[in-house]
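[1] Take a look and give me a structure for this.
(one chain, ligands or ions: 1)
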Amino acid sequence: MKLVPLFMRSRLFATMSALDSAKKSAAIKAVDLHVQNNTVVGVGSGSTVVYAVERLAERVKSEKLNIQCIPTSFQARQLIIQHRLPITDLEVNPKLDVCIDGADEVDCNLTLIKGGGGCLLQEKIVASCSKELIIIADYTKNSQKLGDQYKKGIPIEVVPMAYVPIKTQIENLFGGTVELRMAKAKAGPVVTDNGNFILDWKNFQQDYDWEDVNKKLSLIPGVVETGLFIKIAKKAYFGLADGSVKEQV
Ligand SMILES: O=C[C@H](O)[C@H](O)[C@H](O)COP(=O)(O)O
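    I've put the predicted structure just below:
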C-alpha cells in the first residue's frame with residue numbers, strides 16, 4: 001500500500017469534510033423548508049441525498065411528521081428502508097409534493113447534469129411527477145455553463161444493443177466524445193437499475209441550446225433518457241465552504 005504523508009492526509013481529510021458539511025447544510029435547509037406534515041416526497045440519489053434522508057428521519061421522529069417517500073433508485077430505496085421511513089411508489093402516489101435530489105452540475109439557468117451515479121432515469125420520472133424539484137449540492141456543483149465544473153460528461157442511458165450506433169450518432173451530430181461507462185468493481189460496463197448502459201458525452205461545446213440538444217438526443221432510437229434536466233428544477237441550495245447556504249431560483 002502506498003503511504004500518504006501525514007500533512008497530505010490532513011489536507012485530504014479537511015477538503016473532504018468541508019464538502020460533506022456543505023452537502024449536509026444544503027440538505028438540512030431543503031428538508032426543513034420543503035417538507036411538512038403529509039408531504040409526499042421524492043428521494044433522490046447520490047451522496048448529498050444521504051444527509052436529506054437523515055434529516056427526514058430526525059424530523060419524523062422529533063416532530064411526529066407523517067410523510068411518504070418515493071425512491072428514485074435502488075440506493076434511495078435502501079436509504080428510506082434503513083431509516084425506517086414510510087415508503088410508497090408512483091402506482092399508489094402518482095403525484096408528489098416535492099422531490100429533493102442532488103446534481104452533478106447546475107448552470108446559471110438551473111439546467112442540470114444528473115446521472116453521475118447512473119440514476120438519471122428514475123430521478124427524471126419522479127421529478128416529473130413532483131410539484132417541485134429541489135436540488136441540494138455543495139458549492140463545487142454551481143457553475144455558469146454546463147461543463148465548467150463537471151468534466152465527466154453528460155450521462156445518457158441507452159438500451160445495451162444500441163450503444164455503438166448511438167455513440168456514433170451523438171459524435172456526428174454534436175461533436176465531442178462519447179464513452180461507454182465501465183464498472184469499477186465488475187468486469188464490463190455499468191448496468192443501471194433499469195438494466196441499461198450509460199454513455200458519457202464528454203468535451204461538448206458549452207454554448208448549446210440545451211433544450212434543443214435534449215430533444216434531438218431523446219429522438220435517437222435506443223436512447224432511454226438523458227441526464228440533462230431542463231426547466232425541471234425549481235430551486236437549488238448550495239452549501240458553501242463557510243457553512244452558509246446559497247439559494248438559486
Ligand atoms: O446518478 C446520480 C444522481 O444524478 C446524483 O443526484 C448526482 O450524481 C449527484 O450526486 P452527489 O450528491 O453524490 O454529488
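[2] So what's the residue count around the closest residue to the ligand within the chain?
    Residue of the chain nearest the ligand, by Cβ to the nearest ligand atom: residue 46 (2.5 Å). Heads up, the C-betas are built off the backbone N, CA and C, glycines and all. The number of residues packed near residue 46 is 25, by other Cβ atoms under 10 Å.
[3] That one and residue 119 touch, don't they?
    Yes - between residue 46 and residue 119 there is a contact under Cβ atoms under 8 Å: 7.3 Å.
[4] Which residue ranges of this structure form strands?
    For the chain, strands defined by DSSP state E occupy the ranges 40-43, 68-71, 98-101, 105-106, 112-113, 133-138, 154-158, 177-180, 197-202, 223-226, 228-229, 233-239, 245-248.
[5] What residues does the protein have near the ligand?
    Residues of the chain lying close to the ligand (Cβ under 6 Å from any ligand atom) are 44-48, 101-104, 114-120, 123.
[6] follow-up on the earlier one: mutual contacts of residue 46 and residue 119, please.
    Here residue 46 and residue 119 have residue 75 as joint contacts, going by Cβ atoms under 8 Å, 6 or more residues apart in numbering.
[7] Isn't residue 207 up against residue 147?
    No - if you go by Cβ under 8 Å, residue 207 and residue 147 don't touch, sitting 10.0 Å apart.
[8] residue boundaries of the helices in the protein?
    For the chain, the helices defined by DSSP state H cover 6-34, 47-63, 74-82, 120-128, 163-174, 210-218.
[9] Could you dump those helices into CSV with mean neighbour count and mean pLDDT added?
    Formatted as CSV, the helices of the chain follow (neighbours: other Cβ atoms under 10 Å; pLDDT from 0 to 100):
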stretch, mean neighbour count, mean pLDDT
helix 6-34, 16, 79
helix 47-63, 19, 98
helix 74-82, 18, 98
helix 120-128, 23, 98
helix 163-174, 16, 98
helix 210-218, 17, 98
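[10] Report the contact partners of residue 166.
    156, 158, 178, 199, 220, 222-223.
[11] Of those, which is the most crowded?
    residue 156 (29 neighbours).
[12] Model confidence for the closest residue to that residue other than its chain neighbours, exactly?
    Among residues not flanking residue 156 along the chain, residue 199 sits closest, at 4.6 Å (Cβ to Cβ, 6 or more residues apart in numbering). Predicted confidence (pLDDT) for residue 199: 99.
[13] distance of residue 199 from residue 24?
    From residue 199 across to residue 24, the span is 32 Å (Cβ to Cβ, to the nearest Å).
[14] likewise residue 145?
    27 Å.
[15] Repeat that for residue 232.
    For residue 232 relative to residue 24 (Cβ to Cβ), the value is 24 Å.
[16] Can you spell out the domain ranges of this structure, please?
    18-143+230-244, 154-225 (the TED database).
[17] so who does residue 239 touch?
    21-27, 136-139, 245.
[18] so what's it closest to, chain neighbours aside?
    Counting by Cβ to Cβ, 6+ apart, residue 239 lies nearest to residue 22, which is 3.1 Å off, once chain neighbours are set aside.
[19] Quick check: residue 88 touching residue 67?
    No - taking contacts as Cβ under 8 Å, residue 88 lies outside contact range of residue 67: 9.8 Å.
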